[in-house]
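[1] following is a predicted model, sequence given first.
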Amino acid sequence: MSMITEVYDPADRRPIASRNRKVWQKLAALLAARHVSPNSISMAGMIVGIVAGILFAATGSAEKDIHGF
């Protein structure tokens, strides 16, 4: 039984219009020049998302504290 393996081709990625924006291309070049790994970027995004979720959840109690209810 032979296994067929596909070779990854970056051109196969789904088209996202924001990839063509200069600001993101410059940022990608900067991160690549500093040898920042894709996993590090993903981890940073997860941490920022978790912190944002915690802060969003805290807004319900913050409003009560401000108005004294």
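    Right, received. Where do you want to start?
[2] chain center to stretch 50-63: distance?
    Remark: stretch 50-63 is offset 20 Å from the chain centroid, using CA atoms, centre = their mean, to the nearest Å.
[3] go on, stretch 12-32?
    On CA atoms, centre = their mean, the centre of stretch 12-32 falls 13 Å from the chain's centre.
[4] any idea which element residue 50 lies in?
    helix 38-67 (DSSP states H and E).
[5] host element of residue 29?
    Going by DSSP H and E, residue 29 is part of helix 22-33.
[6] what's that helix packed up against?
    Contact partners of helix 22-33 among helices and strands, from 3 or more CB pairs under 8 Å, 6 or more residues apart in numbering; DSSP states H and E: none. C-beta here means a position set from N, CA and C on the backbone, and glycine is covered the same way.
[7] list the buried residues in it.
    Within helix 22-33, no residue counts as buried by 16 or more other CB atoms under 10 Å.
[8] alpha carbons of it, as PDB, please.
    C-alpha atoms of helix 22-33 as PDB (Å, rounded to 0.1, in the frame of the first residue of the first chain):
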ATOM      1  CA  LYS A  22       2.100  47.100   2.800                       C
ATOM      2  CA  VAL A  23       1.900  47.400   6.600                       C
ATOM      3  CA  TRP A  24       1.400  43.600   7.100                       C
ATOM      4  CA  GLN A  25       4.100  42.800   4.500                       C
ATOM      5  CA  LYS A  26       6.600  45.100   6.400                       C
ATOM      6  CA  LEU A  27       5.600  43.600   9.700                       C
ATOM      7  CA  ALA A  28       6.100  40.100   8.300                       C
ATOM      8  CA  ALA A  29       9.500  41.100   7.000                       C
ATOM      9  CA  LEU A  30      10.500  42.500  10.300                       C
ATOM     10  CA  LEU A  31       9.400  39.400  12.200                       C
ATOM     11  CA  ALA A  32      11.200  37.200   9.700                       C
ATOM     12  CA  ALA A  33      14.300  39.200  10.000                       C
END
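[9] quick one: mean pLDDT for it?
    Average pLDDT, helix 22-33: 93.
[10] any idea of the angle it forms with helix 38-67?
    120 degrees (axes from the mean of the first three to the mean of the last three CA atoms, to 10 degrees).
[11] so what's the gap between helix 22-33 and the chain middle?
    14 Å.
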